[in-house]
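# 3D model of this:
(one chain, ligands or ions: 1)
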Amino acid sequence: MNEHLDDILYPPIEPYDTGTLIAGEGNRIAYEQSGNPEGKPVVFLHGGPGAGTSPWHRRFFDPERYRIILLDQRGCGRSTPHASEPDADLRHNTTWHLVADVELLRKNLGIETWQVFGGSWGSALALAYAQAHPEVVSEIVLRGIFTLRRHELEWFYEGGAASVVPDLWEDFIAPIPILERSQLMQAYHRRLADPDPAVHEPAAIAWSRWEAANLTLLPDPELIEAMTEPRAAIAFARIENHYFLHGGWFEPGQLIAGVDRIRHIPAVIVQGRYDVCTPAMTAWDLHRAWPEASFEMIPDAAHAASEPGIAAALRAATDRFAGDGPTDAEAAAEEPEEPAESAEGGDSGLSEFAEPEAGEPEAGEPDAGEPEAGEPEEREPEAGEPEAGEHEAGEPEEREPEAGEPEERHSEESEPAAARETAEPEPAGDPSPR
Ligand code: STX
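Okay, the predicted model is just below:
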C-alpha cells in the first residue's frame, strides 16, 4: 500500500516494544514503541476517532532520532473492549478519557516531555491534550485540522459536502429512510447502536465508505477497502458517530479559543486545500488564532496523511523538530505574511453556522486539578456537554456519559509501568447496554 510513500517517508520498521496500558473502566489500550529508545519521544494520535494506528504511521519519524509511540485509542485497533462487539458500551469513551489515557501512557513510559503528532481527529485530540497538559508537550504537528464545531460536523454529516460530492452523498444517505434524513447523525446512531449485525453492519459500512471515499484527492480503492472491512468499519462508525453526536464534549469553539495555552509551543499546521472531510476553513481559523505556528496549505491534496504533498510536509516538520533545518525563529522570520487582522478567536466567518466563540472552556479546563493517574476526574465528560440546543444533532438519550462515569478510579500504582499483557484483565465497566 502507498508505494509512493517510499520516496517520501522513512523505511518500514518494526516496534522494539509492544504493550497494553490498563486504563480505567476495563479499557486495555494497545501501544507500541519503535525507532530509537534513546531518541526524542513522539506520540502519534490517530484519526477517526476509531480508526486505530497502522504500521506505516511509524514512517513519519526518523527512527534514528525518534522514540516513536503509537497507541490505539479506546475501543479500536488492538485495544479492548473493541467497539465492534455487538453490545459495545461507549459511555467511557470520550475525548477526556482519551486525554487521560495519553497522559497515563506518558507517565508509565517515564517520558517527561514528548512531541504530539496528530491528523484529523488526531489534531483535535492533540489540541485537547496539549491544552490540558501544555507543560509536557515539546512540539505539536497537526494535519487536516478538525475541531468538531457544529458547522464542521454539519458540513460533512448533514449535507454541506453533498454540493461537492453528490454521487458519494447519495450512497451515504441511501441506508436512511427519507423521513429521517433531516438528522443523519441521529439516524445513523440508531442503526449503529443496534446490537443486530444485520442492522449495524450495513450502516457502519456506508458511514465508513463515505469517509474513506472523501479522504483523498484521487480515489484510493485500497483505502476504501480497508476502511469498509466490517470489524474496522463498525468500530470506526460507532466511535465517530458517538463523538460527533456529543460535539466531542467540547464547548463550542473550545479548541481554537484554547490556543492561548499552547501558543508558546513550537508547532506546524499542514492542510490540504481540497480537503472535503475537514475543509481548510478550520485550519485557517486555527492559523489566524495561532500565527506563531508554521502553516502550510498543500495545493494538490485533500485530507489523508498518505497524500504525497501532505506526507512530505509532515516529514519535513518532524525532521525540523529533530534538529534539521532552520530553527523555529528562523523559519518564522522567513514567513512573509502575517495573516490579516480579522476573525478574532478563530472563526473564518465563512459559515452560516458560525457559532459564538466560547469563553473560557470549562470542560477540559487544564488547570482544574490534574487528576494524578490521568483520570478524567475534574473533567467529567458531562461537564463538557454542549448546552441544550448547542448541539442540535442532539444526544443519544440512552448513552448518558454520567451514568457510570469513571468511578472505578484507577490510580497510578495499579498501573505498573505499562501493565503488560500479563496483567489481570480488569473487570468490565458498567455492563449495562447502551
Ligand atoms: N473524521 C476525520 C478523521 O479523523 C471525521 C479521519 N478520517 N479518516 C481518518 O481519520 C483516517 C485516514 C485515519 C482513517
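# wait, isn't Ala212 in contact with Leu223?
Yes. The pair formed by Ala212 and Leu223 meets the contact definition of CB atoms under 8 Å, at 5.5 Å. C-beta here means a position set from N, CA and C on the backbone, and glycine is covered the same way.
# elements contacting the helix or strand hosting Gln131?
According to DSSP states H and E, Gln131 maps onto helix 121-132. Applying 3 or more CB pairs under 8 Å, 6 or more residues apart in numbering; DSSP states H and E, we find helix 121-132 packed against strand 40-45, helix 95-108, strand 114-119, strand 137-143, helix 254-257.
# Recalculate using a threshold of 10 Å.
Applying 3 or more CB pairs under 10 Å, 6 or more residues apart in numbering; DSSP states H and E, one finds that helix 121-132 contacts strand 40-45, helix 95-108, strand 114-119, strand 137-143, helix 230-245, helix 254-257, strand 267-272, helix 280-289.
# so does that helix get close to the ligand?
Yes. Helix 121-132 comes into contact with the ligand (CB under 6 Å from any ligand atom), by way of Trp121.
# Mind exporting the C-alpha coordinates of that helix to CSV?
Provided in CSV are the C-alpha atoms of helix 121-132 (Å, rounded to 0.1, in the frame of the first residue of the first chain):
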residue,chain,number,x,y,z
TRP,A,121,-9.4,13.7,14.7
GLY,A,122,-5.9,13.3,15.9
SER,A,123,-5.4,17.0,15.5
ALA,A,124,-8.4,17.6,17.8
LEU,A,125,-7.1,15.2,20.3
ALA,A,126,-3.6,16.7,20.1
LEU,A,127,-5.0,20.2,20.7
ALA,A,128,-7.2,19.0,23.6
TYR,A,129,-4.2,17.1,25.1
ALA,A,130,-1.7,19.9,24.7
GLN,A,131,-4.2,22.4,26.1
ALA,A,132,-4.8,20.2,29.1
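# Now do it and helix 280-289, the angle between them.
If you take axes from the mean of the first three to the mean of the last three CA atoms, to 10 degrees, helix 121-132 sits at 20 degrees to helix 280-289.
# how far is helix 121-132 from where the chain is centred?
The chain centre lies 7 Å from the centre of helix 121-132; the measure is CA atoms, centre = their mean, to the nearest Å.
# what's the angle from that helix to strand 267-272?
Here helix 121-132 runs at an angle of 160 degrees relative to strand 267-272 (the same axes, to 10 degrees).
# average pLDDT for helix 121-132?
Averaged across helix 121-132, the pLDDT comes to 98.
# same check, this time on stretch 41-59
Here the average pLDDT along stretch 41-59 is 98.
# what about that stretch, how long is it end to end?
14 Å (CA to CA, to the nearest Å).
# list the buried ones in it?
In terms of neighbour count (16 or more other CB atoms under 10 Å), stretch 41-59 has its buried residues at 41-54, 56-59.
# Nearest to the ligand: which residue in the stretch 301-434 of the chain?
Nearest residue of the stretch 301-434 of the chain to the ligand: Ala304, at 5.3 Å (CB to the nearest ligand atom).
# distance of the closest residue in space to that residue that isn't next to it in sequence from Ile22?
Nearest residue to Ala304, sequence neighbours excluded (CB to CB, 6 or more residues apart in numbering): Leu215, at 4.3 Å. Using CB to CB, to the nearest Å, Leu215 is found at 33 Å from Ile22.
# out of those two, which sits in the busier spot?
Neighbour count, other CB atoms under 10 Å: between Leu215 and Ile22, Leu215 has more, with 25 against 22.
# hang on, isn't the more buried one packed against Glu222?
No. Assessed by CB atoms under 10 Å, Leu215 is found out of contact with Glu222, at 11.6 Å.
# quick one: common contacting residues for these two?
With contacts defined as CB atoms under 10 Å, 6 or more residues apart in numbering, the residues adjacent to both Leu215 and Glu222 are Ser306.
# how about the strands in the chain?
Counting by DSSP state E, the chain has strands at residues 17-22, 28-35, 40-45, 66-71, 114-119, 137-143, 267-272, 294-298.
# Pull the contacting residues for Ile176.
Counted by CB under 10 Å, 6+ apart, Ile176 has contacts 183-184, 186-188, 190-191, 203, 206.
# Am I right that His92 is in contact with Ala83?
No. With contact defined as CB under 10 Å, His92 does not count as touching Ala83 (11.3 Å).
# re the thing from before, for the residue of the stretch 301-434 of the chain closest to the ligand, give me the pLDDT.
On the pLDDT scale, Ala304 gets 97.
# Counting neighbours, what do you get for it?
Neighbours of Ala304 under the rule other CB under 10 Å: 24.
# for Glu64, what are its contacts?
10, 35-36, 39, 322.
# Let me know the closest of these to the ligand.
For the contacts of Glu64, the nearest to the ligand is Tyr10 (19.0 Å; CB to the nearest ligand atom).
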